[in-house]
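Chemist: Build me a model from this:
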Amino acid sequence: MSKYVQDEKPPMTAEAKAWLEKETATQEDRYKAIVDEQDGLIPEREKWYAEFLEIVQTKGFNFTGDQRRVIPKEEIAEKPDRPDAMRVVW
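Modeler: Down below sits the predicted model:
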């Protein structure tokens, strides 16, 4: 059987454990702040998406150089019917 480096890791010191716990708590706080900020933008993002969909259905978009294509309504995917459909941060 082969030996792997991760099988022979040294024991973690108390100082290292304390640092790891502190760093983990700090990162969880930062993550929560990011999630809260992104969730707060949901109403504004819904408006942005609606404006974008209106533009691609009326004016279209440039798909190559100066060629435009209008996207018909039937080609636009519907928003999923679930609570986390607008969630950005996982």
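Chemist: what about the longest helix along the chain, distance to the chain center?
Modeler: What stands out as the longest helix in the chain, according to DSSP state H, is helix 14-40. Remark: helix 14-40 is offset 17 Å from the chain centroid, using CA atoms, centre = their mean, to the nearest Å.
Chemist: next SSE after it?
Modeler: The helix or strand immediately downstream of helix 14-40 is helix 42-58, counting by DSSP states H and E.
Chemist: tilt between the longest helix of the chain and helix 42-58?
Modeler: Orientation check (axes from the mean of the first three to the mean of the last three CA atoms, to 10 degrees): helix 14-40 against helix 42-58 gives 50 degrees.
Chemist: where does this structure have low pLDDT?
Modeler: 1, 90 (pLDDT under 70).
Chemist: and Asp39, how far is that from Leu53?
Modeler: Noted for Asp39: a distance of 22 Å to Leu53, by CB to CB, to the nearest Å. All C-beta atoms are positioned from the backbone trio N, CA, C, and that covers glycine.
Chemist: That should have said Lys22, apologies.
Modeler: Lys22 is 45 Å from Leu53, by CB to CB.
Chemist: Which one's more surrounded, these two?
Modeler: Between Lys22 and Leu53, Leu53 has the larger neighbour count (other CB atoms under 10 Å), namely 15 against 10.
Chemist: List the contacts of the more buried one.
Modeler: Counting by CB atoms under 8 Å, 6 or more residues apart in numbering, Leu53 makes contact with Ile76.
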